[in-house]
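Chemist: Please work out how this folds:
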Amino acid sequence: MKNPFLISLYTFIFLFSLSMFLGNPVYSQTTLSDKMEYLYPANKEKNFDETVDEFYQALRDVKYPGHQELYQRYMQKPKSQQRHLDTVLYKEMPDASINIREKLLFNEIEGLNYIISDGNILRPYPDIDINYHQTVSPDRQVYFFYSFKDTEKEFRGRYAIYDIKTKEMVAGGGTYMPKSPTH
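Modeler: This next block holds a predicted model:
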């Protein structure tokens, strides 16, 4: 073994293996949610009297101070920079196939995904994975709004998730997907 390349390679493999072996600490049996401090902590035991329909109407009427601020900022932007107001302050699609309004726990949203197909690939929408929303506890109460139109030619969808206590939007968005003609 006089080849310097092989000696370097074996040394590297040995040191890498040793660092992997020694570098993995032993973790306790606590779960991630036990250690997390959420911006929106669990509140599933609290009772909030406002219904999802009452909140939706208040949202449309721009009743809450936070929504009034969003609306004012929206109106102050030049027209070229304004996004569609219905995505800033959620509004159902008027010609939707389905409109969903639910008051539920954040972790229950994953079960409400709709499976769409562009003619080739099946995918969920809105495809919310609560593991990627680390500011919201899975046991936090939220309002979930979801509106979509699914036809042979296209899929259009819009959703929003609002925190029940603060009335702030914690997630939301919209999509448009043309569908491939079937063969």
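Chemist: Tell me how many other residues crowd Ser97.
Modeler: Neighbour count of Ser97, defined by other Cβ atoms under 10 Å: 14. For every residue, glycine as well, the C-beta is placed using N, CA and C.
Chemist: Does it touch Lys149 like I think?
Modeler: Yes: using Cβ atoms under 8 Å, Ser97 is in contact with Lys149, at 5.0 Å.
Chemist: what about the residue nearest to Leu122 when sequence neighbours are not counted, which SS state?
Modeler: In this structure, Leu122 finds its nearest non-sequential neighbour in Ile115, 5.6 Å apart by Cβ to Cβ, 6 or more residues apart in numbering. Classification of Ile115 by DSSP: H, G, I helix; E, B strand; the rest coil places it in strand.
Chemist: Quickly note the distance from Ile115 to Glu37.
Modeler: For Ile115, the distance to Glu37 equals 35 Å [Cβ to Cβ, to the nearest Å].
Chemist: Just name the shakiest helix or strand of the chain by mean pLDDT.
Modeler: Lowest by mean pLDDT, DSSP states H and E among the helices and strands of the chain is helix 32-35, with a mean of 53.
Chemist: just so I have it, where are all the strands in this structure?
Modeler: 98-105, 114-117, 122-125, 141-150, 154-163, 169-178 (DSSP state E).
Chemist: Sheet partners, orientation included, of the first one?
Modeler: Looking back up the chat, that one is strand 98-105. Strand 98-105 pairs in its sheet with strand 141-150 (antiparallel), by DSSP bridges.
Chemist: Near the closest residue to Arg123 other than its chain neighbours, how many other residues are there?
Modeler: Spatial nearest neighbour of Arg123, chain neighbours left out: Ile116 (6.0 Å); criterion: Cβ to Cβ, 6+ apart. Neighbour count of Ile116, defined by other Cβ under 10 Å: 18.
Chemist: Make 57 the first number, not 1, from now on.
Modeler: New numbering, starting at 57: the last item is Ile172.
Chemist: now Pro194, nearest residue through space, not along the chain?
Modeler: Asn163 (3.6 Å).
Chemist: The one you found touches Asn187, doesn't it?
Modeler: No: using Cβ under 8 Å as the test, Asn163 is too far from Asn187 to be in contact (10.1 Å).
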